[in-house]
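>>> I would like the atomic coordinates for the input below:
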Amino acid sequence: MKRVLVACLAVAALVVPSAARSEVVMSSIVDVLVDGGNNYPWQKVELPGTKCGNGSQFKFFVHRTGSPNVLMLLEGGGACWDFDTCSGRAGVLGAANPNGISDDYITQFTAKYVSPLVNGADPGLPGRSKTDLVTKGWNIVYVPYCTGDVHVGNNVKTYVDSTGQNPPLTWHHSGYTNTLAVANYAKSQFPNAQKFLMTGYSAGGTATSAGYYFVRRIMNPARGYLLNDSGPIFLAPNANFKSRALHTKIRESWDLDSVFGQLPASFDRNDFGSINRMVAQEFPNDQLAYTGYTRDYNYSRFSYDRFHSPNDQESVLGYWKGDQDALVTELNKYNNYSYFIPHHRAINSSHCSTIITFIGSHACQQMEKKRHWYEYMEFPWGQTYKCYSEFVGMDVFLNRWVNGNQRVRIYEPANGYNNEDPGMQIVAPLINGALGG
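A predicted model of the protein is given here:
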C-alpha cells in the first residue's frame, strides 16, 4: 500500500496508511483538487528482454493523438542500492514499485493525476478554470519506474539482508535496457516527430539528463526538448563535492560505467555533473531546462542523508543549495540551457514543480519583502512579500520555452511568499494530509 501511495504523487508518504479508506480519501481529495486527471485511451506495451527490478515483465503505456509532437515522461519514485532500499523496507528512502507494474497501472492514481504535462492542462480548482499547456493534444509515451536506478542502470545485483531475516535479494537494475527499448518502440510509432519533449520528475528527472543523449539520437526529432524536474545531476569532480559519495555508490551498484562509457568524450566519467555540459554541446539547437525548488527536502535527502553528517534538515538543505548554485553557474555557460527555480512550496516538501498542480510553481527573480507601508494594504492582506519583477507561472515558462523557443532563467531568492499565500494554505494541507492518511 505504501509504495502505491508514494508513486501516486511522485513522493514518499510520511505515514503508512492503515486501511484502504485512506487511499479512497486521498483519491477523493485530489480528484477535486486536480479536476479529474486524465481518462485517455492507453495502449499497454510489453517488450521482450525488459524487466522490473524483481524480474517481472516491464510495461509502459502509449496514448496516440495524431499530433506531430511526442511527450515522453519518465516516472520518479526513489532509488535503491542495497537490500533495504530495493526490497521496500527502507520506505521513504527506497525505490518505487518493488513488486513490479500491474496491467492496469495506467488507470491507477499515479498516471491519472501526477502530471499536468501528461494531462495537457494545469488543473483547475473550485472557481478556477484549467489552463491548457503546450503539451495538450500531444502523443504520450508514459514510462513507469520499477528498477530503482533512475531508468539507466545496467546490472544484476544480489543484495544481502544485513539483519539475516530474509534470503538475499536478486535485483535487476535494467533501466538502461528498458529505456532504450521504449525509445526504439516510440521511434517505430512516431517516426517523424516534430517536437519531442523528454521529461520526468524526481528520479525521472535524473533520467532525462542521464538518458537524453541515447533517446534523442534514436528519436531524431526536428526539435528536441529536455526538461529535468527536480532530479539534478550535480557537479562532483572530487570528494570535496557533496554529491560525490552518492555518485560513487550508484556507479558501482548500477554499473554506470557500462552505460556512461558510451557517451562522447565531452562527458567526464569522474564527474557525473559533466553530463549537463555534454548534452548542451552535443545538441546545441535543442532546448534544455532544469526546474526544482531550493528548499527541496526530498531529493536532497537521497543525495546526502546517508552519506554526510550532520544530516539535519537545515544542513541537508545547505548542501543542496551549494550544489544547486554550482549547477546554475555551469548552466549559465550554455546558450541552450534554461532554468526555473522557485524557492519553496509546502506541497511534497518542495519536491517537484511539474506535478499535481501548478499552484505555487511560480518564480520571481526579484521576490522581496514589501518596500513601502502602503503595499501592506494590497490584496491579499497578510502577504509580506512582493514580486518586483515579472511573476512567471510554470505554464508561462513552458509556453515561452517550448512554443517560443526562448531561453528563460529565473533563480528565485529566499522568501516566504508561498507560505503566506491563502490558496497554498488551503491546498497544501489537503494534499499532504491525504498523503499521510
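>>> quick check: longest helix of this protein.
helix 313-331 (DSSP state H).
>>> got the buried residues for it?
Using 16 or more other CB atoms under 10 Å as the test for burial, helix 313-331 gives V316, L317, Y319, W320, D323, Q324, A326, L327, V328, E330, L331. Backbone N, C-alpha and C define where each C-beta goes, glycine included.
>>> nearest to P380 among these?
L317 (27.1 Å; CB to CB).
>>> quick one: that closest one and Y299 touch, right?
No - counting by CB atoms under 8 Å, L317 does not reach Y299; the two are 11.1 Å apart.
>>> check F190 and give its pLDDT.
You'll see F190 listed with a pLDDT of 98.
>>> gap between it and I140?
F190 sits 10 Å away from I140, going by CB to CB, to the nearest Å.
>>> what about those two, which has more around it?
Taking other CB atoms under 10 Å, F190 and I140 do not tie; I140 has more neighbours (26 against 21).
>>> you'd agree that one is up against Q43?
No - if you go by CB under 8 Å, I140 and Q43 don't touch, sitting 10.5 Å apart.
>>> which residues do the two both contact?
Listed contacts common to I140 and Q43 are V62, H63; contacts here mean CB atoms under 8 Å, 6 or more residues apart in numbering.
>>> mind checking how far stretch 74-94 is from the chain centre?
15 Å (CA atoms, centre = their mean, to the nearest Å).
>>> which stretches of the stretch 1-150 of the chain form helices?
Using DSSP state H, counting those that start in this stretch, the helices of the stretch 1-150 of the chain run over 2-8, 20-33, 83-87, 109-113, 116-119.
>>> list the buried ones in the fourth one?
Right, helix 109-113. F109, T110, A111, K112, Y113.
>>> can I get it as CSV, trimmed to CA atoms?
The C-alpha coordinates for helix 109-113 follow below in CSV (Å, rounded to 0.1, in the frame of the first residue of the first chain):
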residue,chain,number,x,y,z
PHE,A,109,-3.5,7.1,-9.2
THR,A,110,0.0,7.9,-10.4
ALA,A,111,-0.6,8.0,-14.1
LYS,A,112,-4.0,9.6,-13.9
TYR,A,113,-3.2,12.5,-11.6
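>>> so what secondary structure elements neighbour that helix?
Helix 109-113 is packed against helix 2-8, helix 20-33, with contacts defined by 3 or more CB pairs under 8 Å, 6 or more residues apart in numbering; DSSP states H and E.
>>> and those helices, which one's lowest on average pLDDT?
helix 2-8 (a mean of 32).
>>> what is the burial count for I359?
23.
>>> now the strands for the stretch 151-300 of the chain?
Using DSSP state E, counting those that start in this stretch, the strands found in the stretch 151-300 of the chain span residues 155-159, 169-173, 195-201, 223-229, 287-291.
>>> deepest of the ones you listed, which one?
strand 195-201 (a mean of 27; mean count of other CB atoms under 10 Å).
>>> quick one: that one to strand 223-229, angle?
10 degrees (axes from the mean of the first three to the mean of the last three CA atoms, to 10 degrees).
>>> tell me what strand 195-201 is packed against?
Using 3+ CB pairs under 8 Å, 6+ apart as the test, strand 195-201 ends up in contact with strand 70-74, helix 203-219, strand 223-229.
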